[in-house]
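> need coordinates for the following:
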Amino acid sequence: METLLPLLFALGIGFSHAFEADHLVAIMNIVTNRNKTKVALKDGIYWGLGHTTTVFVIGAIFILSKLIVNESFFGYLEGLVGVTLIILGVFRLRKLFTKTKYSEDVKAHSGHKLAYGVGLIHGLAGSGAVIIIAMTEIKQPLSELFYLLSFGLGSIVGMLIAATIFSLPFSKQLFKSGKLQAGMVVFSSLLCLAYGGYMVYGIV
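As a prediction, this is how the structure comes out:
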């Protein structure tokens, strides 16, 4: 029971972590390019896998090497996430206005890679607090690693749900207007630029 409770706690924290503003802004911008909820759902899974990969790798390094975690270091990584949101917004706007045609399979595959990459970078900023909690509250390395995995699983489930919710208006059945979808792409991209700039400004 003493081991189970921290793991369940990590699962819940990971789930709620997926719904933080910077994560939602990023995944909304990615799924506005979808017209199938199933594909958007995979975007959410890939984002969560990328996030979990970074958190687990960095956490394992700190835990197994017993390095001292400097909280201020992880604070600066928030700025990197902000830069990523800005780049994502510019990238989506550029793709929208260049109107390059891709097959659905190519679009899906490239979108999944983008979601995974964005998740990787978001994991850098999100890893600090999780690692600190794991190292201060749990004294056994193996249990600490399972804590990180439970957090990652929770974030995957949370982002899967978020991606599904955001994608519903863009399904073929509910969203048949190309102009309206383009408008939402512009809106979500501008939101990325604004929130990313806000994050960078907060660090600088």
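> what about the residue nearest to residue 60 when sequence neighbours are not counted, how many residues nearby?
Leaving out its chain neighbours, the residue that sits closest to residue 60 by Cβ to Cβ, 6 or more residues apart in numbering is residue 145, at 6.2 Å. Yep, even glycine has a C-beta here, placed from its N, CA and C like the rest. For residue 145, the neighbour count with other Cβ atoms under 10 Å is 17.
> and the gap between residue 145 and residue 114?
As judged by Cβ to Cβ, to the nearest Å, residue 145 and residue 114 stand 28 Å apart.
> quick check: closest non-adjacent residue to residue 150.
That would be residue 10: by Cβ to Cβ, 6+ apart, it lies 3.9 Å from residue 150.
> about what we covered before: list the contacts for the residue nearest to residue 60?
Going by Cβ atoms under 8 Å, 6 or more residues apart in numbering, residue 145 touches 56, 59, 60, 63.
> flag every buried residue along the strand or helix carrying the first one.
Read that as residue 56. Residue 56 is part of helix 37-65, with elements assigned from DSSP states H and E. Under the neighbour-count criterion of 16 or more other Cβ atoms under 10 Å, helix 37-65 has 37, 39-52, 54-56, 58-59, 62-63 buried.
> stretch 29-37: end-to-end distance?
For stretch 29-37, the separation between the terminal residues is 14 Å (Cα to Cα, to the nearest Å).
> ok, residues contacting that stretch?
40, 43-44, 47, 88-89, 92, 95, 107, 111, 114-115, 118, 163-164, 166-168, 170-172, 175, 181, 184-185, 188-189, 191-192.
> quick check: buried residues in that stretch?
In stretch 29-37, counting by 16+ other Cβ under 10 Å, buried: 29, 30, 31, 32, 33, 34, 35, 37.
> now residue 54: closest residue in space, sequence neighbours ignored.
Using Cβ to Cβ, 6+ apart, the nearest residue to residue 54 is residue 123, at 2.8 Å.
> any idea how far the one you found is from residue 47?
10 Å.
> again with residue 34
Residue 34 is 13 Å from residue 47, by Cβ to Cβ.
> tell me the confidence at the residue nearest to residue 54?
Looking at residue 123, its pLDDT is 84.
> which element, helix or strand, includes it?
Applying DSSP H and E, one finds residue 123 within helix 104-137.
> quick check: angle from the following helix or strand past that helix to helix 37-65?
Note on helix 104-137: by DSSP H and E, the next helix or strand toward the C-terminus is helix 141-167. Here the directions of helix 141-167 and helix 37-65 differ by 160 degrees (axes from the mean of the first three to the mean of the last three Cα atoms, to 10 degrees).
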